[in-house]
Structures are given as structure tokens and as C-alpha cells.
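Enquirer: Please work out how this folds:
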Amino acid sequence: MNTLNLRTRRPFQMIRGVLQVWKYAYRPFLLFELFYKLMTIGLFIPFLSIVFNKILEIGGFGAAANHDLLRFVLSRYGLLSLVLLAPVAMMLIYTEFAVLIFIAYYGMQGKTVRLYAVVLKTLSRLPGLWRIGIFGLALYLLLLFPLLNTGFGSSLLPNVTIPNFITGELMKTSTGTAVFVLFFAIVAILNLLCIYALPILVLEDSNQFWRTFTKSARLFWKSKWSILRAVGEWLLVYVLIVAVFIALIAATIAVLPESLSATATATVGVAISIGVYVMTLVMTPLFITVVIRLYVRYEGKKHISLHSGGLDITVDHTRAERRLFASQHRPKLALFGLLMLIAVGWGVTALLTDWGEAKDKFVIIAHRGNMNTGVENTLDAFDGAVEAGADYIELDILQTKDRKLAVIHDHNLKRLAQRNVNVYDLTLAELQDIPLFQNGYAGHVPSLDEVLDAMKGRIRLNLELKMHGYETPDYVSSFINTIRRHQAENEVVVSSLEYDLLHEVKAKAPELKVGYIIYATFAPLNRFDADFFVVEEAFVTARLVASAKLIGKPLYVWTINDPERAAHFYSLGVDGIITDIPKEVREAIKEVGGEPVFLLE
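Expert: The predicted structure follows:
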């Protein structure tokens, strides 16, 4: 059978072509993705995790977090983990994409592939990956493509995200925003230039990644308008499907009696969750199909080199032959079907339950106050947090030149005062003379004494001790004496990124609750000695929540500025979140059945 027509210009041409391919390819696509996701969940990720954690233990980094984790990355053990694990991960990702490419290409020929034969053919090519430029391929598969984060990723590494505490800080300044936009513009451009790299590597059996990249870039330029039309078609179809789906849901709920509205809402939630899980199975195959059609359209088949190696790649059975095959292999098919049901069930269950336990008590902590009412870390912002109904205010403390305690986040005043001066070079009086500006508001740096006086009896405080490197030896003692002087031991908790600093606080003031702020770790929380934990959202998983519950320590997430994400973490079972939008988060938590509390235990 000839290649399906690629040149006809009709409305929704690309979608029509994709549907023609899927007529022959949908079964191997779905079966392979189900199987590969099951293998990823049950085998690949556990194996890589065991090896990685073993290297951490051998290197003495079993309890590494924050700066210590960076030391591990720069150590010989970090290099060892990179050398051992990156090639394995790269080969696993390449295998998934290569199989999908073969399925799509043969589907364009009007043929359905034998899945096991295609997998064997792909595995036979893995040794050749070392000849094509392992660094370039690894950079593309393990970093560049996952950073795009479009939903078309591999099962092993669907995306790579930059933590929100980094992007959030960048977006607070015009320079940071420009850097952020420029970075992702470069990522997007490089991904577009590499869009045909995998088809070239797989179908042409290319052996040089740089040559593959340059050819892909040339093909991208030739096909750029077709890519744009394809994107437009799919966006339009997506919007239409979502609109119809929403209309059906609204109509269903409207016609049902009020007594069944709760049941209908729950059913709709289940349907949406199942739909989302199914979409994870089809998104990457759809993307691969579109790319392969465009590749064949603009490059043709003259360079394609497919040697079957004696394998019967395709199958074209009659209905009678398919029935005979099914009857002969009924036990095997039944076992395979059971495994697929387990995979689907696991995915749906994970989506519906979030693998956690929603809490009745949920703490909302206002990040540096409420920046909708004043400059961050100022009394106006703190008053706004009280009015917004936050349970706690998280604020930052730095030591000044005259050993006083100022409430400010940045070591340098350039962002908020447009003055290139450091906190440790100023006395408290000099610091407070400098006006701060943010979001149209003006304010001044308060001292810790002023904040404790102003907030006493109104709201509790999460005091984050920060270090700029110029602290005097009495920094912690001065802080503790200030807390005791205001008799605020029961109205504050203390947190810090500096583990040793927390130990010093706890040793000198056992009555204070101390919390370890973690922006990166792979260790269970029982490795750390703290009364509670504040973890960056990228590292908050069901496993981490479980480890916190096992040791009976509260776990809080920072910084969550999306009400839906806040509801997700509530459902996951964390004890609270730090947020810039306390009022909106409170409303989101109430909608899912939780009540924030004025308590941190």
C-alpha cells in the first residue's frame, strides 16, 4: 500500500492525515504506551532510584539537602551518578520515542506493526547510540525537550521544571523577567530546530547528532508554515472539544434533580480524571504522528533506511486469522490485559486520590505578608495578611551592621529601593531611612522588635532566620533574647535554610519550635532533626508526605500562588502552605472541604 496522501490541501488536512495513520496504528500505540508506562512505574524509576540513593549513601550524602546536595552534584559521587544513570535514562527515553516513530511511519504506509518486533528492532539499535554524539543526544532528551513541558514528553521524564521560588524571584524585577523570557525563548527555538532530530536518527539511522541537528533545522525552516497550521488546527479542535465537554457537563447537571447534584458532581470528577489519564496515553503518540507526517512530506523517503534484520515487522491479518490468533494465545492475552488494567487502575486511582489524606486542619501562611496591601516584609503588608485571614505570616530576618535584627529578605536593596547597598553595611537606623517601593506601594524596613509589638495577639509569626555571611557570633543569642523579651515564645516558630543555625537555636532555646526549609533533597525526612519542615513544591511527593506522617512532623509547602495547586496539596495531605495570596487560597481550601486553623502544632 502506498504512503497516505500528504499533498492534498483540504480543511483540517493534518488532522485528517493523523486519523488515517491512527486507523492502522492506534492499537500498537495504546498497547505500547500502557505497557511502557507500567514498566516505567514498576521497574525503571525504582531501579534508577535505588542506584541513585545507593551512590548518595556511599558518598556520605544520604541526608543531603539544599547546599549539601549541591556539594554532592559537584563531587566525584555526583559525577559517578551522572555517568551511570544518564546513559540508562537516555536509552530508556530513546527506546520509547523510537518505537512510537516506527509505529507512526508504518501506519503511514497503511500497515500495522508487530509490536514485539519493533521493540526488538529498537533495542538492537541502542549500542549504536554511542557513535552519534552521546552528549548532544543526552542534552536533548534529558534536558532540552523536557524543559519545553508541553505534555508530549517521555514516560520516564515527562518534563523538567524550574522551581517556583527561583522563577518567582526572577519575575519580581524587570531584568529577571527579561532573563526568564529570554531563557525560555531559547529553549523553544532550540526545540523547534530539533523537532525532526529523532525521526532522522531513527528512520535514517544517522550516526552524528550535530549533522542530525543541522538537517532538522533545515527541515524546520522548510516546514515552518505547515507546523504553524498544524498547531492552529489542533488548538481549534481542542477548544471545540473542551467547549462541547463543558456544555455536556453543564446540561447534565442542569437537568438532574437537586438531590442528585452531589452524585453528578462526583461522577463528572471521575470522568474528568479518567479523561486526563487517557490523554497522557495519546498525547505523545499524536505528537510523534504529526512530526513523522511532516518529516516524510518535506524530506521524502529517499534517506530512510529500515533494515528489519530478519524480523517480520508488519502484520496484515484477515479477520479469521485474527480470531485464530486470539484463540491460540488467549491465556497470554488475558495476562497482558490484566497487567494493562492494573496500569490503568493505578493511574486513575492516583488521579482520584492524590495518594494522600486531606486534612481538616490546614495552615495558611502569608509569604512576607500580603503584597496586595504593602511592600513585602513591612507592617502594611503584615496588616493586610491579618485582614486576609492568614493563620501565620512568614517573614525574613537579617542582621544589620550594628547587630540589630531587621525584617527584610534581600541582602541588597537594589530590587526594592533601587540602591546598590548591602544590609550588613548599614546600621538599623540607616536602613530604615531608605524608602522601599513595590507594586505601587511605599514602605520602610521594620525591626523585629517593631513587628513583634505590632502583631502580638493578632497573628502568629514564622520567623525565617537568614544569613548574609557577615553575622556576628551573638546573632542567634540576640534573636532568642528578642523573642523572650517580648514573651513571644508561644506566638512564633523559627525556620531557616541553614541546618546548623536551627540546631543552635534549638540548643539555646528548646522551647522554640524550629523548622527546616528544604529546596532540594532526595532523603526521607526522618534523616533531619527539626520540629517541622517547609519544602519547595517541586520536591513534595506522596512519598515525602508519607515520610513526614511516619515521624509525626508537620510538612508545609512553599510558595504556592495557584489556588488549584493549593487544593492539590491539601488533598495530598500536607499540613499547610506558604502563599502570596492567602485570601484566595483560603477560599479554595473551603471549596474542597477544609477549614484553615489558627494553629501550628
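
Enquirer: List the contacts of V557.
Expert: Shown in contact with V557 (C-beta atoms under 8 Å, 6 or more residues apart in numbering): V534, V535, E536, E537, V540, F569, V574, G576, I577, I578. Quick note: C-beta positions are derived from backbone N, CA and C, even for glycine.

Enquirer: Got phi/psi on the closest residue to the second one other than its chain neighbours?
Expert: Taking C-beta to C-beta, 6 or more residues apart in numbering as the measure, V535 lies nearest to I518, with 4.7 Å between them; neighbours along the chain are not counted. I518 has phi and psi values of phi -120, psi 120 when expressed as degrees, to the nearest 10.

Enquirer: for this structure, which helix is longest?
Expert: The longest helix of the chain (DSSP state H) is helix 209-255.

Enquirer: which helices and strands sit right next to that helix?
Expert: Applying 3 or more C-beta pairs under 8 Å, 6 or more residues apart in numbering; DSSP states H and E, one finds that helix 209-255 contacts helix 13-39, helix 134-139, helix 174-193, helix 197-203, helix 261-299.

Enquirer: And the average pLDDT for the shortest one is what?
Expert: Pointing back at helix 134-139 there. Helix 134-139 carries an average pLDDT of 86.

Enquirer: can you check the first one too?
Expert: Averaging the model's pLDDT scores along helix 13-39 yields 89.

Enquirer: in that helix, what counts as buried?
Expert: 13-15, 17-18, 20-22, 24-26, 28-30, 32-39 (16 or more other C-beta atoms under 10 Å).

Enquirer: That one: what's the following helix or strand?
Expert: helix 45-58 (DSSP states H and E).

Enquirer: any idea of the angle that next one forms with helix 13-39?
Expert: 60 degrees (axes from the mean of the first three to the mean of the last three C-alpha atoms, to 10 degrees).

Enquirer: Count residues in the vicinity of V451, would you?
Expert: Using other C-beta atoms under 10 Å, V451 is surrounded by 25 other residues.

Enquirer: Excluding residues flanking it in the chain, which one is nearest it?
Expert: Closest to V451 by C-beta to C-beta, 6+ apart is V407, at 5.4 Å.

Enquirer: dump the residue contacts of I186.
Expert: Taking C-beta under 8 Å, 6+ apart as the definition, I186 has no contacts.

Enquirer: Okay, now the unreliable bits of the stretch 501-601 of the chain?
Expert: 593-601 (pLDDT under 70).

Enquirer: returning to that earlier point: nearest to F522 among the helices and strands packed on helix 209-255 would be which one?
Expert: helix 134-139 (20.6 Å; C-beta to C-beta).

Enquirer: Point out the other helices and strands that the following helix or strand past the closest one packs with.
Expert: Beyond helix 134-139 in the direction of the C-terminus, DSSP H and E gives the next helix or strand as helix 145-148. If you count contacts as 3+ C-beta pairs under 8 Å, 6+ apart, helix 145-148 packs onto helix 174-193.

Enquirer: helix/strand/coil for the residue nearest to the spatial centre of the chain?
Expert: Of all residues in the chain, the one closest to the mean position by C-alpha atoms, centre = their mean is T161, 5.0 Å from it. Look at T161: counting by DSSP: H, G, I helix; E, B strand; the rest coil, its state is coil.

Enquirer: what sits against it?
Expert: N149, A538.

Enquirer: so how far is T167 from it?
Expert: To T167, T161 is 9 Å away according to C-beta to C-beta, to the nearest Å.

Enquirer: Over to R565?
Expert: Counting by C-beta to C-beta - R565 and T167 are separated by 14 Å.

Enquirer: now do L236
Expert: 30 Å.

Enquirer: So those two - more neighbours on which side?
Expert: Higher neighbour count among L236 and T167: T167, with 16 against 12, using other C-beta under 10 Å.

Enquirer: for the more buried one, phi and psi?
Expert: phi -60, psi -40.

Enquirer: Surely it touches F183?
Expert: No - using C-beta atoms under 8 Å, T167 is not in contact with F183, being 9.9 Å away.

Enquirer: any idea which element K549 lies in?
Expert: Counting by DSSP H and E, K549 is found in helix 542-550.

Enquirer: The residue nearest to V535: how many residues sit nearby?
Expert: 24.

Enquirer: Same question for N490.
Expert: With other C-beta under 10 Å as criterion, N490 counts 10.

Enquirer: Quick check: it vs L461, distance?
Expert: 11 Å.

Enquirer: and if you look at G573?
Expert: Taking C-beta to C-beta, one finds G573 at 25 Å from L461.

Enquirer: same thing with V535?
Expert: From V535 to L461 the distance is 20 Å (C-beta to C-beta).

Enquirer: What distance do you get for I397 to E584?
Expert: The span separating I397 from E584 equals 27 Å under the rule C-beta to C-beta.

Enquirer: on that earlier part again, report the angle between the axes of the helix holding K549 and helix 45-58?
Expert: Using the same axes, to 10 degrees: helix 542-550 against helix 45-58 is 60 degrees.

Enquirer: Pairing partners for the following helix or strand past helix 542-550, with directions?
Expert: Next helix or strand after helix 542-550 toward the C-terminus (DSSP H and E): strand 555-558. Sheet pairing of strand 555-558 (DSSP bridges) gives strand 532-536 (parallel), strand 576-579 (parallel).

Enquirer: Output the contacting helices and strands for the helix or strand just after strand 555-558.
Expert: Sequence-wise, the next helix or strand downstream of strand 555-558 (DSSP H and E) is helix 563-572. Helices and strands touching helix 563-572, by 3+ C-beta pairs under 8 Å, 6+ apart, are strand 576-579, helix 582-591.

Enquirer: Would you reformat the ones you listed as TSV and include distance to V296 and mean neighbour count?
Expert: Formatted as TSV, the helices and strands packed on helix 563-572 follow (distance: least, C-beta to C-beta, whole Å; neighbours: other C-beta atoms under 10 Å):
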stretch	distance to V296	mean neighbour count
strand 576-579	49	28
helix 582-591	47	20
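
Enquirer: Make a markdown table from the ones you listed and add distance to G62 to it.
Expert: Formatted as a markdown table, the helices and strands packed on helix 563-572 follow (distance: least, C-beta to C-beta, whole Å):
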| stretch | distance to G62 |
| --- | --- |
| strand 576-579 | 27 |
| helix 582-591 | 35 |
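
Enquirer: what's the distance between E450 and L129?
Expert: In terms of C-beta to C-beta, E450 sits 62 Å off from L129.

Enquirer: So the two - more neighbours on which side?
Expert: The neighbour comparison of E450 against L129 (other C-beta under 10 Å) goes to L129, with 18 against 15.

Enquirer: Test my guess that the more buried one contacts T95.
Expert: No - applying C-beta under 8 Å as the test, L129 and T95 come out as separate, 10.0 Å apart.

Enquirer: Run through the stretch 51-200 of the chain and note the low-pLDDT ranges.
Expert: For the stretch 51-200 of the chain, no range has pLDDT under 70.

Enquirer: let's go with 90 and repeat that
Expert: 53, 57, 59-71, 73-74, 109-110, 112-138, 143-145, 147-153, 155-177 (pLDDT under 90).

Enquirer: tell me the domain boundaries of this structure?
Expert: Following automatic domain parsing, one gets these domains for the chain: 13-316, 361-596.

Enquirer: So which of those is the most surrounded?
Expert: domain 361-596 (a mean of 19; mean count of other C-beta atoms under 10 Å).

Enquirer: Determine how far it lies from the middle of the whole chain.
Expert: 23 Å (C-alpha atoms, centre = their mean, to the nearest Å).
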